[in-house]
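In: Sequence first, predicted coordinates after that:
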Amino acid sequence: MATVPRRSLIAIGVAAVIGVSACGGTASPPSSAAQGPWTWTDDRGKNVSLPQRPRRVVAQSGAAAALWDFGVRPVAVFGPHRLKDGGRDPEVGEVDITKVESIGNVWGEFNVEKYASLQPDLLVAGMYQKDTLWYVPEESAAAVDQIAPSVGVQLSGKPLVEIIEKYGRLAVALGADPEAAPVVEARNRFDAAGAALKTLAAAKPDLKVMIVTGTHESLYVAYLPDHPDIKYWGELGLNIVYPPRPTEREGGFWEMLSWENADKYEADVILVDARSQSMKIEEMARKPTWAMLPAVKAGQLYPWHAAERYSYLGYAKVMEELKANLEKSRDDVVR
């Protein structure tokens, strides 16, 4: 996901067996055989064809986190993965950052020389903008492409479950077992969390929820159709407050409001972007219009995990937390 926010603030987030290929998300059952041709057609329509299954995978942190939950272990990551105190950035999920190489930790940082030295077989990254690999700097894209083939997974404009399933199929194509106990458990947990959230939404139809992120200059209100997670929650029945389609200048995903106009929309609950580079709630509290919002006065502010990895485990945890927070929230704050 974009650093803050996804698109309009980019500057500021089956094992292949012999003779069998995995194309665009169709894959054969796992096999111990790693020899033989391997192919994959990504969401750019780009066909990757290799003499054997890729072993040395480098992935953007969000993609690495998703693949990790499905059983793939990248050799290196780029994008947010290490906090200033040395801890693991939430954007990299369960990835053990002590066991993977780092070739870049912030926007615009991608060490091409180190990437080449790792002798990668494949690079994997999500895509929010068409045909643009997330966190691969534009000025480095050509050089990166010459070192190893890449696979892009489209994130915007796709349903949440479809994105998760795409990463799952890619993981299987890279040798992961789709029936491994942790994967099955996570899938069941995701289904249960979704069902519980749907039940809550039906019990609290008047509970209005808004999702935002902020910078010191502006407040951004999430546009539901462009965010797979928010759209999914809307489909489950949550009453999401969101703006009309963003203008071309805003570039999609958000409506940009000056802080003077931060009270344009009201909600009982506000979910606030929890990414480390996003404006913190304590900082927002200094903005007079923010402080006057009903949800703020009621103390019904909870985190929105905007850069959650697209895996069953990742979103099971998100929905469990969201359900717990909404369950204790009043639905009469906005009158």
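Out: That came in fine, so what should we check first?

In: The closest residue to L50 other than its chain neighbours: how many residues sit nearby?
Out: The shortest distance from L50 to any non-neighbouring residue, by CB to CB, 6 or more residues apart in numbering, is to W38 (4.7 Å). Every C-beta, even on glycine, is put in place using the N, C-alpha and C of the backbone. Neighbour count of W38, defined by other CB atoms under 10 Å: 24.

In: What residues sit buried inside stretch 229-241?
Out: D229, I230, K231, Y232, W233, G234, L236, G237, L238, N239, I240, V241 (16 or more other CB atoms under 10 Å).

In: what comes up buried for the top helix by length along the chain?
Out: When the chain is parsed with DSSP state H, its longest helix is helix 181-203. By neighbour count, with 16+ other CB under 10 Å as the criterion, the buried positions of helix 181-203 are V183, A186, R187, R189, F190, A193, G194, A196, L197, K198, L200, A201.

In: Please tell me how far the third one sits from W233.
Out: I take that to be R187. Here the criterion is CB to CB, to the nearest Å. By it, R187 lies 19 Å from W233.

In: Also the fifth one?
Out: Plainly put, F190 is 13 Å away from W233 if you go by CB to CB.

In: Find residues that contact each of the two.
Out: Common contacts of F190 and W233 (CB atoms under 8 Å, 6 or more residues apart in numbering): M319.

In: for the stretch 201-335 of the chain, what spans make up the strands?
Out: In the stretch 201-335 of the chain, the strands defined using DSSP state E, counting those that start in this stretch lie at 208-214, 218-222, 239-241, 254-258, 269-273, 301-304.

In: Would you tell me which of the ones you listed gets closest to V172?
Out: Proximity to V172 (CB to CB) singles out strand 301-304 among the strands of the stretch 201-335 of the chain, at 30.0 Å.

In: Quick one: the strands of the stretch 201-335 of the chain as a markdown table, columns for distance to N105 and mean pLDDT too.
Out: Converted to a markdown table, the strands of the stretch 201-335 of the chain look like this (distance: least, CB to CB, whole Å; pLDDT from 0 to 100):
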| stretch | distance to N105 | mean pLDDT |
| --- | --- | --- |
| strand 208-214 | 20 | 97 |
| strand 218-222 | 24 | 95 |
| strand 239-241 | 32 | 98 |
| strand 254-258 | 25 | 94 |
| strand 269-273 | 19 | 97 |
| strand 301-304 | 22 | 97 |
